[in-house]
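Build the 3D model from these lines:
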Amino acid sequence: MNIRVIVLSLTAVLSASCLRCPPPVGPVPSAAQLEWQKMEMNLFVHFGPNTFSGLEWGHGNEPEDLFCPGSLDCRQWAGIAREAGFRGIILTAKHHDGFCLWPNPESTHTVRESRWRGGKGDVLRELSEACRESGLKMGVYISPWDRNDPSYGTPDYNGKYARTLQSVHDGRYGELFEHWFDGACGEGPTGKRQEYDWPLFRRSVLELNPRAVLFSDVGPGCRWVGNESGMAGETSWSTLKADGYTPGAGAPPQRSLMEGDEDGPYWIPAEADVSIRPGWFWRESENGSVKSVDQLMDIYYGSVGRNALLLLNVPPDTSGRIHPVDSVRLIEFRQRLDSVFGNNLASGAKVRTSSSYGLRFRGKNLLQDRYDRFWAASGRDTCAFAVLELPKEKRFNLIQIQEYIPLGQRVRSFVVEVPDGEEGWRQLAEGTTIGYKRILHFPQVSTDRIRVRITSSKAAPVLESIGLYLAP
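Okay, here's the model as predicted:
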């Protein structure tokens with residue numbers, strides 16, 4: 001009886017130690033930010049009067065009847081997005097020209113004043129229904145700059161813009177997963193500039209939609225990556241020093257936007273925006289200039305593969321549908337991604353690690369397809385390593401590594417190595433940060449072992465997965 005009590009007591013102690021999780025290090029993502037990061041790729045949709053005028057920035061005096069898509073089909077947008085592997089769509093509900101794709105009660109420059117659908121149309125309504133049917137999330141971009149509104153440049157405009165935001169986030173279009181703010185504040189027709197009330201704007205969204213991820217140069221949900229080429233920095237921290245900065249002219253330095261700040265006090269990950277065409281709005285003259293699959297893959301590796309989220313702009317044409325050239329390219333892009341990442345060559349490997357935090361956090365978790373299963377090195381092992389022993393020799397040229405970011409971003413640098421002789425190792429590739437996902441290319445290699453060795457880390461590393469792939 002005493003032996004049984006002792007065994008049960010030891011089992012309880014071991015179980016408790018296995019359930020004990022490593023403590024987080026530094027800022028960590030909110031639940032909404034984590035779900036946002038897991039989306040990996042979203043579509044950006046620039047659509048409005050500029051689609052019909054051929055302008056990138058409308059002047060604000062375009063007649064409302066200019067906007068008249070002949071066969072708007074938001075279900076087509078959503079269907080293509082889903083088939084191409086995108087998880088959400090962000091629509092430019094109001095660009096700098098001030099035209100609103102919904103009947104904004106704060107404006108007289110909207111679809112309500114146009115001949116489209118007899119003034120009864122609402123693009124946001126149609127897109128929200130299409131996204132819900134396709135299992136996609138929807139977000140909005142509502143430019144703070146308004147070249148049409150006569151109150152722009154006066155204190156009254158801030159209140160009007162706040163009410164504009166509320167008219168979209170009040171629930172009539174469902175829960176919007178992201179709100180896109182830029183700092184556009186160009187010269188209007190009167191030569192005035194607007195002093196934006198950013199705290200008011202953020203409150204206007206979050207009080208109605210507290211889970212919304214707010215995008216801007218300083219977040220607070222996610223940040224602009226500092227360019228429009230879709231590329232994050234090779235070093236890419238999800239943390240940022242945002243105090244003292246504002247969207248637009250008062251943004252952080254470009255290097256901070258691209259790379260983040262290692263010691264930043266806020267979790268504000270990067271979003272990399274880029275257009276599939278040279279411009280942001282559709283033009284017939286650019287039908288032959290849609291990015292190739294190879295270009296899109298390079299962008300994927302430079303955004304998702306560098307700890308950022310990819311926001312790819314695909315603008316509908318004047319009919320209100322995504323043009324066949326763009327839709328075919330998106331499907332080809334998806335097929336290429338599937339051909340590369342559809343077969344994890346690390347599957348079936350045995351994993352040997354330098355240490356582990358406990359039974360629950362052993363190295364074998366690196367090959368499990370569950371995000372809440374991860375390998376954690378023991379508390380003082382900041383230069384930990386993991387060796388993958390493959391069932392047989394395999395050829396690959398790409399490695400994908402993920403940190404378990406709910407416990408913070410920790411890794412400063414790492415190397416990837418293969419055997420060299422009886423007991424030595426040869427460096428195959430090296431990188432700095434990892435974050436949610438890091439993808440590295442290297443010359444094709446054939447081996448039955450590979451080692452990922454952390455060379456510098458804020459604390460003992462916590463890795464979610466390692467994958468090996470063969471890319472064209």
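
got the contact list for the residue nearest to the spatial centre of the chain?
The chain has residue 309 as the residue nearest its centroid, 2.1 Å off, counting by CA atoms, centre = their mean. Applying CB atoms under 8 Å, 6 or more residues apart in numbering, one finds that residue 309 lies in contact with 36, 37, 39, 40, 41, 42, 222, 269, 270, 271, 272, 303. Where C-beta positions appear, they are placed from N, C-alpha and C, glycine not excepted.

Can you classify it by secondary structure?
Here residue 309 takes the strand state, with states given by DSSP: H, G, I helix; E, B strand; the rest coil.

for it, which residues make a bridge with it?
residue 271 (DSSP bridges).

How is this structure divided into domains?
As assigned by automatic domain parsing, the chain contains the domains 31-341, 350-469.

got a markdown table for those domains, with mean pLDDT and distance to residue 24 too?
Listed next are the domains of the chain as a markdown table, based on pLDDT from 0 to 100; distance: least, CB to CB, whole Å:
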| stretch | mean pLDDT | distance to residue 24 |
| --- | --- | --- |
| domain 31-341 | 97 | 11 |
| domain 350-469 | 96 | 5 |
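
Turn the ones you listed into CSV, including distance to residue 22.
Below are the domains of the chain laid out as CSV (distance: least, CB to CB, whole Å):
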stretch, distance to residue 22
domain 31-341, 17
domain 350-469, 5
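
any idea where the strands of the stretch 51-200 of the chain begin and end?
88-94, 137-142, 178-180 (DSSP state E, counting those that start in this stretch).

Which strands and helices lie in contact with the longest one?
So that's strand 88-94. Applying 3 or more CB pairs under 8 Å, 6 or more residues apart in numbering; DSSP states H and E, one finds that strand 88-94 makes contact with strand 41-45, helix 74-83, helix 123-134, strand 137-142, strand 178-180.

Pull out the buried residues from stretch 180-197.
180, 181, 182, 183, 184, 185, 188, 194, 196, 197 (16 or more other CB atoms under 10 Å).

With stretch 85-105 instead?
Those would be 86-104, for stretch 85-105 by 16+ other CB under 10 Å.

and residue 25, which of the domains of the chain is closest to it?
domain 350-469 (3.9 Å; CB to CB).

so how far is that closest one from its chain's centroid?
23 Å (CA atoms, centre = their mean, to the nearest Å).

Ends of it, what's the gap?
One end of domain 350-469 to the other measures 17 Å (CA to CA, to the nearest Å).

Please list all residues in contact with residue 70.
318, 319, 320.

Let me know the secondary structure of the last one.
Using three-state DSSP, the secondary structure recorded for residue 320 is coil.

Measure how buried residue 449 is and give me the count.
16 (other CB atoms under 10 Å).

surely it meets residue 393?
No. Look at residue 449 against residue 393 with CB atoms under 8 Å: they stay out of range, at 9.2 Å.

Verify the stated contact: residue 429 with residue 439.
No. Assessed by CB under 8 Å, residue 429 is found out of contact with residue 439, at 10.5 Å.

Return every residue with contacts to both of these two.
residue 399.

of these two, who's got more company?
Neighbour totals were compared for residue 429 and residue 439, and residue 439 leads with 22 against 18 (other CB under 10 Å).

Now the more buried one: closest residue in space, sequence neighbours ignored.
In this structure, residue 439 finds its nearest non-sequential neighbour in residue 305, 3.2 Å apart by CB to CB, 6 or more residues apart in numbering.

Count the residues that sit near the one you found.
Using other CB under 10 Å: residue 305 sits among 21 other residues.

can you tell me how far it sits from residue 225?
Distance of residue 305 to residue 225, computed by CB to CB, to the nearest Å: 13 Å.

Over to residue 65?
Taking CB to CB, one finds residue 65 at 37 Å from residue 225.

Neighbour count: these two, which is higher?
When residue 65 and residue 225 are compared for neighbours, residue 225 comes out ahead with 30 against 12, by other CB under 10 Å.

who's in contact with that one?
Counting by CB under 8 Å, 6+ apart, residue 225 has contacts 231, 232, 257, 258, 270, 271, 272, 273, 303, 308.

pLDDT score assigned to residue 10?
Predicted confidence (pLDDT) for residue 10: 34.

And the strands in the stretch 351-472 of the chain?
375-376, 385-403, 411-420, 424-431, 438-457, 462-469.

follow-up on the earlier one: quick one, which of the domains of the chain gets closest to residue 21.
Per CB to CB, nearest to residue 21 of the domains of the chain: domain 350-469, 7.5 Å.

Name the surrounding residues that touch the helix or strand hosting residue 328.
Using DSSP states H and E, residue 328 falls within helix 324-341. Residues from elsewhere that reach helix 324-341, judged by CB under 8 Å, 6+ apart: 80-81, 83-85, 276-277, 287-288, 290-293, 296-297, 300, 314-315, 398, 400, 467, 469-472.

and it, how far out from the chain's middle?
19 Å.

cool, stretch 332-344 as well?
19 Å.

buried stuff in it?
In stretch 332-344, counting by 16+ other CB under 10 Å, buried: 333, 334, 336, 337, 340, 344.

again, but for stretch 159-170
Those would be 160, 161, 162, 164, 165, 166, 167, 168, 169, for stretch 159-170 by 16+ other CB under 10 Å.

Could you do stretch 38-45 as well?
39, 40, 41, 42, 43, 44, 45.

farthest pair in the residues you listed?
40 and 45 (17.7 Å).

Could you report the separation of the closest residue to residue 102 other than its chain neighbours from residue 169?
Using CB to CB, 6+ apart and skipping the chain neighbours, the partner closest in space to residue 102 is residue 124 (4.2 Å). For residue 124, the distance to residue 169 equals 11 Å [CB to CB].

got it, and residue 287?
Distance from residue 287 to residue 169, by CB to CB: 35 Å.

same question, residue 182
17 Å.

Kindly report the same for residue 123.
Taken as CB to CB, the span from residue 123 to residue 169 is 16 Å.

was I right about residue 78 contacting residue 87?
No. Contact criterion CB under 8 Å: residue 78 and residue 87 do not qualify, at 11.2 Å.

Find residues that contact each of those two.
By CB under 8 Å, 6+ apart, the residues touching both residue 78 and residue 87 are residue 136.

Count the neighbours of residue 106 for me.
18.

outside of stretch 410-426, which residues touch it?
Applying CB under 8 Å, 6+ apart, the contact partners of stretch 410-426 are 25-26, 262, 399, 401, 403, 427-434, 440, 442, 445, 447, 449-462.
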